[in-house]
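Dropping the sequence and predicted coords here.
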Amino acid sequence: MEMLNAVFVAPFVDMFTYPAFFVEVLLGGLTAGVMYSLVALGFVLIFKASGVFNFAQGVLALFAALTLVGLMTGTIPFSQNSMSALALPIWLAVIATGGVMVGLAYAIERVVLRPLVNQEEIIMFMSTIGLAFVLEGVGDMMWGSDVKALDVGIPSGSFEVNGVLVQVFDLWAAGIAAVMVAFLAVFFQKTKIGRALRAVADDHQAALSVGIPLKTIWVAVWSVAGLVALVAGIMWGSKSGVQFSLSLIALKALPVLILGGFTSIPGAIIGGLIIGVGEKVAEVYWGPLVNGAIENWFAYVLALLFLMFRPQGLFGEKIIERI
Amino acid sequence: MSAVENPRQISGEVLLNVEDISLSFGGVKAIRGVSFNILKGEIRAIIGPNGAGKTSMLNVINGFYHPQEGKITYKGETRSKMRSHVAAKQGIARTFQNVALFKGMSTLDNLMTGRLLKQREGILQQTVDMLLHAVYLGPAKRQEVVERKVVEEIIDFLEIEAIRKTPVGRLPYGLQKRVELGRAIAMEPELLLLDEPMAGMNLEEKGDMSRFIIDLNDQYGTTIALIEHDMGVVMDLSDRVVVLNYGEKIADGTPNEVSANQDVIDAYLGVS
Amino acid sequence: MLYRETGQFKTSYSADQAIFPIFQDRMFILGWLIVAFIAVPLMASEYWFQIILIPFLVFSLATLGLNILVGYCGQISLGTGGFMAVGAFSAYKLATNVPELNIIFVILISGLITALVGILFGLPSLRIKGFYLAVATLAAQFFLIWMFNKFGWFVNYSPSGSIAIPPMEIFGVMVTSAKADPVARYYLALGFTVVLALLAKNLVRGPTGRAWMAIRDMDIAAEIIGIKPLATKLKAFAVSSFFIGVAGALYFSAWSGTAESDAFDINLSFNILFMVIIGGLGSVVGSFMGAAFIVLLPIFLTNLFVGELGFSALTAKHLEITIFGALIIFFLAVEPHGLARMWQVTKEKLRIWPFPH
Ligand SMILES: Nc1ncnc2c1ncn2[C@@H]1O[C@H](COP(=O)(O)OP(=O)(O)OP(=O)(O)O)[C@@H](O)[C@H]1O
Ligand SMILES: [Mg+2]
């Protein structure tokens, strides 16, 4: 009886008794959710255009953030030393990191994807695990593996509305994510390469037959995903420092994808928000019943249960297999 | 595989009856209210232009697709939804339009998979059998030898001794089709569904394949439903033909009747 | 022509279906067994046992277990670490709560418990495939480690949260804990590994293995020829988890002696997946090769980078991660069947040696 009360009644009573706190928990969850969405987004882009399940998307964000911090502080790659004379201004460092991500896309296409083209999806997937390790090792060697602060000038601080404490940073995060989604929408609707990418996503064969080389498409889509990773890396890094655990947190983009469906951009965003809010609320209100830290697995178990009932995700289409 | 005496006699007993089957995928209507039957012991052809719904029909018969409407009666038993492994257990085997062999395995192993449905059922028995096979002693070992003999007979029948241990992925297309037929035969089916068994074959290979089909039907009394585009083959092999077009049945009868049918001629000439 | 089958005619199907039908293969296995059971214990030092030999055996078994699931049945799992933890913690609870139970049964029962947990987490595989399943197994990984970490019951409420194996004997010989001779612990691990590897070899070449491979190669066609997908996959999950659970129990009882839940984190899962890939998907021998490779490589690299080239330990670690990743990509691109296939190719060359064609 007491147990039932603790699980099914008390948490809800708490929520209603202290609504301001509840709203703060929700907001915290939404912010984390935006971060998950940003990683998931890059992932969906790659999956849609090339059918590759890119396990390295989280590490890509870490790599971008490391590079950005390195350029901003004038770190000399592979040396662990920095010279302030080499430090780039923020805007230049962001652009340069963007350049690095595009270069990385070229390298990945050349070294990882091209030799593996036509392999089974599962082999491709495992090779992106290898890629994640390479990026992690190289990133750490180039820029050092200590925890780094990242400040690109996103305002911090907080203000109160009706007793609810709102973080300014969170608002910015939401704003930046919204701008990026809008930007992607325009990119896919209006630009030639964007339309080409959509075409491949819809029908690989058709896209190839109108003469878009697969190579170009892959470089383009990995570049876009790299830029999205950069944005994700900036947001994550500014909030909690640039460190390896970032890529582990980014693993949570995977359950997000399951919720949202592998090919749906709105799915990635809504899935991210659901996971972010869900795990925060679960942690705060139910975590204490089981010694806490359920954030570690909640997202995965939620995704697992969800899969049992809707294998294609919230927005994915039900496919009937052919033979 | 054991030969039945006086097999080539179609008794008139209905083995399979499909009634008013309709199947759609989202907006696409693949089959619209089709009915026909298959008699025990006959060779029944299903023909029609591309996209007519022939493959879908086979998929409905063996429980891989679930039609929105209609009834299927097999061996006197009417079923609604059935999973394809249950259909296999009840004696329905098939081959596929695009070869669906197990690429990583040898010819022999592919054929041996056809024997898997002869295993004992039930969690307990299956666990015991698995353990016996793990230690490879006694009944498990004997069972393997028995299954191997059955499969070797099929290998002889299909004249594929030389490729017994070759991974099927390395075989040319024509041989892959033959191995796939072998896998279906290894299931010792009562009803064998063949989806374009001769597509992409040269004349000689077609000849071999026709011979296997006739022998199978003749010596072992296996009932066969086959989809085929080559009209010559259909005329030679089949007892009766059902013609589909845009998911509808437009004719049903002996090869001669069907080929004289105006609707069929129109459908094939693209007149609508 | 050192290696050839010509002249070795099989006069019956049962001879052709023996576990190692080729004479040279039989000799090869026998040779290794002699080395493993007789030569190694005579020659190896304590360092060798602890740093190379025992971990090699433990990881070979875990790799074999994962290979059954991924390489034979085609179901990806990223939860190996979590399942090994189940094996280790079960062994601890059994050894401490039922002290009269022989260590052999402790380890076997630990494997069985892990098999049950594996079946539980394998249930979703009926509806989920491929990457989706990989994500689902992450749920097992994170949930299990969290559980062992958060509930004192699993560690008998030890304040440090770590577990330690009590000294246990087989026929009066101490085989676990720091009090045991490394040779005894080695034999414990070796015995389980050899017996289970032979059982695995028999399983994968029999009907169970054929059903697994059919599901792996084309699951729809497999179902249409009468293979039940759920039962087949669950068997793979059960057998695979049993192996991994035994490996976890040995990790703890024969190798480390003490453990914390964090030792079984997701990095361990990845490491074992790498052993599977590098050794060769769908190969029993390959599992041993992959484990040997990944146990030895870091030792070699650390010696090279830190010992010879004087890099810092941290840089060496980062280089190691990079090299691991690069090797994975290399193997997947060039030889997805791993070291096992390379070995196979070498054997085929030996077959025609000394003639080049
Ligand atoms: N799994 C599926 N999902 C969606 N549409 C399908 C599916 N299977 C078949 N269809 C559609 O159903 C229709 C009939 O297809 P089917 O494969 O049965 O034709 P068919 O007569 O076998 O043609 P062909 O001679 O080309 O093999 C086609 O329009 C096809 O696109
Ligand atoms: Mg067809």
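Good, I have the coordinates. Ligands and ions are numbered 1, 2, ... in the order given.

how near is residue C:58 to ligand 2?
Using Cβ to the ion, to the nearest Å, residue C:58 is found at 51 Å from ligand 2. C-beta: built from backbone N, CA, C; applies to glycine.

Report all helices and strands that the helix or strand encompassing that residue contacts.
Residue C:58 is part of helix C:54-67, with elements assigned from DSSP states H and E. For helix C:54-67, the packing partners by 3 or more Cβ pairs under 8 Å, 6 or more residues apart in numbering or on different chains; DSSP states H and E come out as helix C:80-97, helix C:182-205, helix C:229-250, helix C:266-279, helix C:284-302.

Dump those helices into CSV; add distance to chain B and mean pLDDT as well.
CSV is the format used below for the helices and strands packed on helix C:54-67 (distance: least, Cβ to the nearest Cβ, whole Å; pLDDT from 0 to 100):
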stretch, distance to chain B, mean pLDDT
helix C:80-97, 19, 96
helix C:182-205, 4, 94
helix C:229-250, 6, 96
helix C:266-279, 15, 92
helix C:284-302, 13, 93
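
Can you check which of the ones you listed gets nearest to residue B:13?
Ranking the helices and strands packed on helix C:54-67 by proximity to residue B:13 (Cβ to Cβ) places helix C:229-250 first, at 33.0 Å.

which parts of that closest one are buried?
C:229, C:232-250 (16 or more other Cβ atoms under 10 Å in any protein chain shown).

which residue packs closest to residue A:289, ignoring adjacent ones?
Nearest residue to residue A:289, sequence neighbours excluded (Cβ to Cβ, 6 or more residues apart in numbering or on different chains): residue A:6, at 5.8 Å.

my read: the one you found touches residue A:285, true?
No: between residue A:6 and residue A:285 there is no contact under Cβ atoms under 8 Å: 10.3 Å.

Those two - which one has more neighbours?
residue A:285 (17 against 13; other Cβ atoms under 10 Å in any protein chain shown).

who are the neighbours in contact with the more buried one?
Contacts for residue A:285 (Cβ atoms under 8 Å, 6 or more residues apart in numbering or on different chains) come out as A:11, A:14, A:15.

do that again at 6 Å, thanks
Residue A:285 is in contact with residue A:11, counting by Cβ atoms under 6 Å, 6 or more residues apart in numbering or on different chains.

That one and residue A:5: what is the separation?
According to Cβ to Cβ, to the nearest Å, residue A:285 and residue A:5 sit 13 Å apart.

repeat for residue B:13
66 Å.

same deal with residue B:153?
Relative to residue A:5, residue B:153 is positioned 69 Å away (Cβ to Cβ).

if we can go back for a sec, now the helix holding residue C:58: average pLDDT?
The average of the pLDDT scores along helix C:54-67 is 97.

what do you get for stretch B:133-143?
86.

residues of it that come out buried?
Neighbour-count burial for stretch B:133-143 [16+ other Cβ under 10 Å]: B:133, B:134, B:136, B:140, B:141, B:143.

that older thread, wait, is the residue nearest to residue A:289 part of a helix?
Yes: according to DSSP: H, G, I helix; E, B strand; the rest coil, residue A:6 belongs to a helix.

Could you measure from it over to residue B:16?
Residue A:6 is 59 Å from residue B:16, by Cβ to Cβ.
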